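Visitor: Sequence unavailable; structure follows:
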C-alpha cells in the first residue's frame, strides 16, 4: 500500500551534462582493514547529517526521515539525491542490538511500502524487541528521488512475460515496445539513469548505517535484496553486521544464464506442482506430470486463439494464464492455482484474477525503477538483439518447455538502454566480513537454489541454510525450522550447523493468497528475481 504520498522528494543537480558513470571500484580502505572506517573528505558532509524522525503520514506507528546522498559518489559536488527511510522502533525495554535494514527485493518495489504494509508483522517478537526495523527505498524507487519515464500508468507493461515464438514479426513487435519504453526513459529521466545502480544503492546503505549510529550494518535482504546485500558486503566487508540473504542471486552469472536458469527454475517448480496435482482425484489437467503439462499448453494456446471474456472488463489471454501460473508457483499457492485452472476451463476467471491481483504492485514507478536498476547490473541486464533471441529460443525451450517462451523477451529488455552496465558479473568474496547467513529454497522458481549455493561458496564467511521446499523465499513462509535459525542468528549471533536442511511441507493446503507483501517488480508477471 502506498502510504507516504505526502513526502515530497527533490533532485538537485547542475544543468550541465552529467559525468560518466564511474568505474567499479571499492571505496578507499574497504578491504576489511582498520582504514575502512575513514570517510573520504568529499563524503563527510553526508555522514554528518542528522536524521529527523517524524510520524509517517497516515501511519503514526512508523517514523519517517529523509537523508541526502551524492548523485555521483565519484563527484560528490555534482548534486544530491534525497532518500526516504522509515522506522518501526524496537519493542523491547532492554538494550537493543541496533537497526535491522530490510529490503524485500524487486528491484523497483518500495521497501517502505513493504515494511509499512505488513512486512514488519512478519518478524518474530524477539527480532522486533531487539531491533529498530528500517526500510529505505533505494535511489530511483518510489519515495527516494524516483525514476520517472513519463508513463501514463504506474505499471505500464514493457513486454516482460509475453511468451513468444521465433516468428520475426512477433519479436520485432516486442522489440519496438522495448524501444519506445527506453526512449521515454531516456527523454524524461536520462540525467538520473546512470546513477541508480546497485553499487550506488549499497553505498547509500552505508551512509544510512552511519546516520543510524551503527558501527555495522545488520541486514535482511530477500531475492534482489540479497544481491544488494552481497554487493554491500563486498564493498564494505568490515562494516557487515548480522546479515541474512534469503533467495540469493549468483552475482557471477551473466545475464543470459540468469534468464536461462530462471526459466529452468520455474520448470522445476511447475513439475513439483504437477506431481502433487497428479496424485489428486480432482486435478483439473490430468493425472501425470506429462499430461498436466500438455494440458497447460493446450489451455494457453486456446486462450491465444480465442481470449476468454468475462463481463465487460476482463479478458484473459495465454499470457495472463502463464502470469497467473508463475505467481501461483512463486507464492506458492497450489490450491488456488488448481482452482484457477479448473475454473478457467469452465469459463470462470475468478480464481485466476485472485492470483493476478495478489501480486499487483501499486508503486507508482515500479516498472521504470525495475529496468533502470536492472540495466546497470550485468547479471540482470541482457542486451540481446532480435536475431540472438531467435537463436536462444531453442535452448530456453529445452530448459523450460512450459516457460521458455515466456522468459525470452527478458533477453531484450536492456538492449537499447541508454546507459551501459556499471556492475560486471563477477564473484563476490567480502574478505574479513562477519558471517553471512545465506538461505536457499530447493525448488525456488525465481531464484533457483543453485544461486544460493554459489553465493555461499563465494562469500568468505558465509553459512548456507537449506529449505527443502517450494515457492520463492523461505523466511517467515511457514517453516519453524527456518524461522528459528534466522531469528537465532539475528538475535543471538548463532549460526545454524553446517549442512542444516529444514524440511518443507506441501503448499497444497493454502486456500488464499499468501499474506507476505509482494516485493515489487513488473505488474502481472513473476519472472524476475
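Guide: All right, it came through fine. In this text, all values refer to a predicted model and were calculated from it rather than measured experimentally.

Visitor: and residue 87, which of the three is it?
Guide: Under the three-state scheme (DSSP: H, G, I helix; E, B strand; the rest coil), residue 87 adopts strand.

Visitor: so residue 256 sits right up against residue 381, yeah?
Guide: No - applying CB atoms under 8 Å as the test, residue 256 and residue 381 come out as separate, 10.5 Å apart. Quick note: C-beta positions are derived from backbone N, CA and C, even for glycine.

Visitor: Looking at these two, which is more packed in?
Guide: residue 381 (25 against 18; other CB atoms under 10 Å).

Visitor: who touches that one in this structure?
Guide: Counting by CB atoms under 8 Å, 6 or more residues apart in numbering, residue 381 touches 255, 374, 375, 413, 414, 417, 421.

Visitor: what's the distance between it and residue 258?
Guide: Distance of residue 381 to residue 258, computed by CB to CB, to the nearest Å: 9 Å.

Visitor: Which secondary structure element is home to residue 281?
Guide: Taking DSSP states H and E as the definition, residue 281 sits outside all helices and strands.

Visitor: Roughly how far does it sit from residue 338?
Guide: Going from residue 281 to residue 338 by CB to CB gives 12 Å.

Visitor: Between the two, which is the more surrounded one?
Guide: The residue with more neighbours, out of residue 281 and residue 338, is residue 338; 21 against 5, by other CB under 10 Å.

Visitor: right, and the more buried one touches residue 284 too?
Guide: Yes - using CB under 8 Å, residue 338 is in contact with residue 284, at 6.3 Å.

Visitor: who touches both of those two?
Guide: Listed as contacting both residue 338 and residue 284 by CB under 8 Å, 6+ apart are residue 277.

Visitor: What sits closest to residue 418 if chain neighbours are left out?
Guide: Closest residue to residue 418 apart from its sequence neighbours, by CB to CB, 6 or more residues apart in numbering: residue 186 at 4.5 Å.

Visitor: The one you found falls within a strand, correct?
Guide: No - per three-state DSSP, residue 186 lies outside any strand segment and is helix.

Visitor: Number of residues surrounding it?
Guide: 15.

Visitor: ok, it to residue 421 distance?
Guide: Residue 186 is 16 Å from residue 421, by CB to CB.

Visitor: neighbouring contacts of the strand ranked longest in the chain?
Guide: Secondary structure assigned by DSSP state E gives strand 59-70 as the longest strand of the chain. For strand 59-70, contacts defined as CB under 8 Å, 6+ apart pick out 3-4, 7, 9, 42-43, 46, 49, 51-57, 76, 78-89, 115-116, 120, 139, 203-204, 207-208, 211.

Visitor: which other helices and strands contact the helix or strand where residue 129 lies?
Guide: Under the criterion of DSSP H and E, residue 129 resides in helix 125-130. Under the contact criterion of 3 or more CB pairs under 8 Å, 6 or more residues apart in numbering; DSSP states H and E, helix 125-130 touches helix 480-492.

Visitor: Residues touching the helix it packs on, excluding its own?
Guide: 97, 100, 124, 126-127, 130-131, 218, 220, 242, 244, 246, 435, 437, 439, 465, 467, 474-476, 494-496, 500, 502-503.

Visitor: Give me the neighbour count for the residue nearest to residue 487 when sequence neighbours are not counted.
Guide: Taking CB to CB, 6+ apart, and ignoring the residues beside it in sequence, residue 487 has residue 124 as its nearest neighbour in space, at 5.1 Å. The criterion is other CB under 10 Å. On that basis, residue 124 has 15 neighbouring residues.

Visitor: Repeat that for residue 38.
Guide: With other CB under 10 Å as criterion, residue 38 counts 12.

Visitor: now do residue 177
Guide: Neighbour count for residue 177, taken as other CB under 10 Å: 17.

Visitor: give me the element it is part of.
Guide: With elements delineated by DSSP H and E, residue 177 resides in helix 168-189, which encompasses its position.

Visitor: Please apply the same query to residue 415.
Guide: Per DSSP H and E, there is no helix or strand for residue 415.

Visitor: Spit out the contact partners of residue 250.
Guide: 258, 379, 450, 451, 454, 455.

Visitor: Which ones among those map onto helices?
Guide: Among these, the ones falling in helices (DSSP state H) are 258, 450, 451, 454, 455.

Visitor: Against residue 234, how distant is the first one?
Guide: With distances taken as CB to CB, residue 258 is found 18 Å from residue 234.

Visitor: Neighbour count for these two, which is higher?
Guide: residue 258 (26 against 23).

Visitor: Would you mind measuring from that one to residue 450?
Guide: Separation of residue 258 from residue 450 (CB to CB): 11 Å.

Visitor: same check, this time on residue 301
Guide: Distance, residue 301 to residue 450, using CB to CB: 31 Å.

Visitor: who's more crowded, these two?
Guide: Applying other CB under 10 Å to residue 301 and residue 450 shows that residue 450 carries more neighbours, namely 16 against 10.

Visitor: Can you tell me the closest non-neighbouring residue to the more buried one?
Guide: Once flanking residues are discounted, residue 450 sits nearest to residue 261: 6.9 Å by CB to CB, 6+ apart.

Visitor: Just give the number of residues close to residue 497.
Guide: For residue 497, the count of nearby residues is 9 (other CB under 10 Å).

Visitor: Can you report phi and psi for it?
Guide: Dihedral angles of residue 497 (phi, psi; degrees, to the nearest 10) stand at phi -60, psi 150.

Visitor: Ok, residue 242 next?
Guide: phi -90, psi 110.

Visitor: got it, and the one 4 residues further on?
Guide: Main-chain torsions, residue 246, degrees, to the nearest 10: phi -110, psi 120.

Visitor: how far away is the closest residue to it other than its chain neighbours from residue 354?
Guide: Setting aside the residues directly before and after it, residue 246 is nearest to residue 439 in space (CB to CB, 6+ apart), at 4.2 Å. Residue 439 sits at a distance of 28 Å from residue 354 (criterion: CB to CB).

Visitor: Also residue 120?
Guide: Residue 120 sits 25 Å away from residue 354, going by CB to CB.
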